[in-house]
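Trainee: 3D, please:
(chains A, B, C and D)
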2 protein chains.
Amino acid sequence: MHLQSLRLLLAVDDTGSFSAAATRLNTVQSNVTAHIKKLEAELGVRLVDRKGTVRLTSAGRALADDAERLLTIHDAAVARFRGRPADSGRLRIGAMETTLALRLPPVLAAFHAAHPGVDIALQTGPTADLVADLLEGRLDGAFICDAVPGAALYQVPAFRETLVLVSRDRLTALPPAHQLLTTAFLVFRQGCGYRHRTERLLASLGVTAVRMFEFGTLDGILGCVAAGMGYAVLPRAVVEAHRLRFDIQTLPLPPDIGVVDTLFAAPEPGTWSPALTAFAGALDQGTLAPDTAVAS
Amino acid sequence: MHLQSLRLLLAVDDTGSFSAAATRLNTVQSNVTAHIKKLEAELGVRLVDRKGTVRLTSAGRALADDAERLLTIHDAAVARFRGRPADSGRLRIGAMETTLALRLPPVLAAFHAAHPGVDIALQTGPTADLVADLLEGRLDGAFICDAVPGAALYQVPAFRETLVLVSRDRLTALPPAHQLLTTAFLVFRQGCGYRHRTERLLASLGVTAVRMFEFGTLDGILGCVAAGMGYAVLPRAVVEAHRLRFDIQTLPLPPDIGVVDTLFAAPEPGTWSPALTAFAGALDQGTLAPDTAVAS
DNA sequence: TCGCGCCGATCACTTATAATGATCGGGCGA
DNA sequence: TCGCCCGATCATTATAAGTGATCGGCGCGA
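Mentor: Purely as a prediction, here's the structure:
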């Protein structure tokens, strides 16, 4: 059964004429006849009564009802891809813990307000895991730390974070290498972009061997820093948001290490679902959270 | 967009392989490739990721969701025609007042119990109107009085009625012609089959001119008979059902005039909707109301 | 009652598209 | 590294869609 046949059937019902239906759908009368006959043969039922005036039989009317629903769904699906981004579908988004906590709430709220029909599924994890999930199709898009070189991924800057060195005692400058060797660094587990930066920072200071304690949660890191267990490297905005709860100090880092872009990553644009297209488009135009977005 | 393309897309998603999808749907791998490529070209989006393992893109997944709904509706529609009579659709049934009141309640109740998804619309009127509505497609089927000769209608006996002469005073035989001339006959409005029978009865008695009062309702006729206004010709069962409310007498009529079949009429069987097919089938098999059905 | 015109059926034909089978090349595992 | 499996591509065939001309029936108006 071809959708075009159903379209012709509805046109015949509407116009009450094969010729008029043909004209409306830019074809010829004999073609309409052939389509209707094919439908009738396929279903083993007469659909159109041609005696006297042309009118659908009860079977034809029943099929026309189904046809209407069928074509509605079909046209909506096509419009979703070709026309304006539609308001439906699922969107699986991944993000780092810090991004989700700090940056995403307004973004997601704004997107949901603009596209209330899209179901959003969120997942958190370190950048490396998110990238793996993206590449293996378990996520539609993800907010990651720093660009992933060599991966066939669309990547666009979304937020800019300023990293600071977090400590219990106030510092006026980066501690010397010998002092860093005697303390620990509290980091997220393997795969987190911020941990990567921390290692780059230490390397730039000539420190290669340092104790690293892995944590799964932000609260764990901040709490242990406040207890004097060691240092941490985190986005300034995240630390500020928790300043009231922990007695900690921050020290800015040099820009080459301290400025980190959070990127929105997704598979190649040609593969995007309408929902993902809408999300990326909104991010790109900065309509979601202009104050935190990175100027492109 | 062809439904077959969507079917192939779902098969590719299921099996994770073009070749396997082809095998499952009894075609060849190159054909699957062509269908998917056509879909992708039509929507301007890559639907299947062939790098490494075959997997749907987010766009492909979104389309697959629509495809599933689309094919479900389509397959259900086809099954409704080709397979068992489905439990959905609309059924517009017409009947005479007397039939609706007396015979149809158990029939409709049984059908509705067997096919709860079918919406039933009832309409009453004299046989002539019902036939006209049938022929002009405003009804799917109707219960009519006596066969309609010459009409291109499927007609099958449904109920057998015994007509009686209804009067205020007890009669032992049909009144002589001269007496009939002085009283009136109370009949339904033009087009009712029972009125037709009444006229045949009078003609057989040699009475050609008699006063006829037209009524729209059964209660009106019975009330006026009870008041001595005249005679009426009605199904015995109808009169019995109202015996408690009206003080009236009945006299059997000769079988050639007194026995009337109520027929179920519909357009030619080849044009029936699934719901109508189910209804006619149930009537034909006597599964709806075996005690009142006419043996065929 | 008789044309006249409109409409759908049919047919021969053209065009488009679906399906097929063979072949090629690339990625992955042994 | 080799062999194997899988998808892309291509030439070809098969099938279906679309077209235009023509026929016949029915209704309408003269």
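Trainee: tell me where the stretch 1-150 of chain A has helices.
Mentor: A:3-15, A:18-24, A:29-43, A:58-82, A:97-102, A:104-114, A:127-135 (DSSP state H, counting those that start in this stretch).
Trainee: equivalent analysis for the stretch 151-296 of chain A, please.
Mentor: Taking DSSP H, counting those that start in this stretch, the helices of the stretch 151-296 of chain A run over residues A:177-180, A:193-204, A:218-226, A:236-241, A:255-258, A:274-284.
Trainee: for DNA strand C, find the nearest of these.
Mentor: Closest to DNA strand C of those is helix A:274-284 (Cβ to the nearest atom of the strand; 23.2 Å). Glycine gets a C-beta too; all of them are placed from N, C-alpha and C.
Trainee: quick one: list the elements packing against that closest one.
Mentor: With contacts taken as 3 or more Cβ pairs under 8 Å, 6 or more residues apart in numbering or on different chains; DSSP states H and E, helix A:274-284 sits against strand A:90-95, helix A:104-114, strand A:141-145, strand A:154-167, strand A:259-266, helix B:58-82.
Trainee: same list, those, but as JSON lines with mean neighbour count and mean pLDDT please.
Mentor: Output for the helices and strands packed on helix A:274-284, formatted as JSON lines (neighbours: other Cβ atoms under 10 Å in any protein chain shown; pLDDT from 0 to 100):
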{"stretch": "strand A:90-95", "mean neighbour count": "23", "mean pLDDT": "86"}
{"stretch": "helix A:104-114", "mean neighbour count": "16", "mean pLDDT": "85"}
{"stretch": "strand A:141-145", "mean neighbour count": "26", "mean pLDDT": "90"}
{"stretch": "strand A:154-167", "mean neighbour count": "20", "mean pLDDT": "90"}
{"stretch": "strand A:259-266", "mean neighbour count": "21", "mean pLDDT": "90"}
{"stretch": "helix B:58-82", "mean neighbour count": "19", "mean pLDDT": "84"}
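Trainee: for DNA strand D, which of these is the nearest?
Mentor: Closest among those, using Cβ to the nearest atom of the strand: helix B:58-82, at 12.4 Å.
Trainee: that closest one and DNA strand D, are they touching?
Mentor: No: judged by Cβ under 7 Å from any atom of the strand, helix B:58-82 makes no contact with DNA strand D; its nearest approach is 12.4 Å.
Trainee: which elements pack onto that helix?
Mentor: Packing partners of helix B:58-82 (3+ Cβ pairs under 8 Å, 6+ apart): helix A:29-43, helix A:58-82, strand A:90-95, helix A:274-284, helix B:3-15, helix B:29-43.
Trainee: what is the orientation angle of the first one with helix B:58-82?
Mentor: Translated: helix A:29-43. Orientation of helix A:29-43 against helix B:58-82 (axes from the mean of the first three to the mean of the last three Cα atoms, to 10 degrees) gives an angle of 70 degrees.
Trainee: distance from helix A:29-43 to the middle of the chain?
Mentor: Put simply, helix A:29-43 sits 45 Å off its chain's centre (Cα atoms, centre = their mean, to the nearest Å).
Trainee: now stretch A:43-63
Mentor: 48 Å.
Trainee: got the buried residues for that stretch?
Mentor: Residues of stretch A:43-63 classed as buried: A:43, A:45-49, A:54-63 (neighbour count, 16 or more other Cβ atoms under 10 Å in any protein chain shown).
Trainee: can you check stretch A:119-130 too?
Mentor: Using 16+ other Cβ under 10 Å as the test for burial, stretch A:119-130 gives A:Thr124, A:Gly125, A:Pro126, A:Thr127, A:Ala128, A:Asp129, A:Leu130.
Trainee: the third one touches A:Cys192, doesn't it?
Mentor: Spelled out, that is A:Pro126. Yes: at 4.1 Å, A:Pro126 and A:Cys192 qualify as touching, with contact defined as Cβ atoms under 8 Å.
Trainee: name the residues contacting each of these two.
Mentor: Shared contacts of A:Pro126 and A:Cys192, defined by Cβ atoms under 8 Å, 6 or more residues apart in numbering or on different chains, comprise A:Met96.
Trainee: distance of the residue of chain A most remote from its centre from B:Ile144?
Mentor: Farthest-out residue of chain A from its mean C-alpha position, per Cα atoms, centre = their mean: A:Gly52, at 57.8 Å. Going from A:Gly52 to B:Ile144 by Cβ to Cβ, to the nearest Å gives 21 Å.
Trainee: cheers, nothing more for now.
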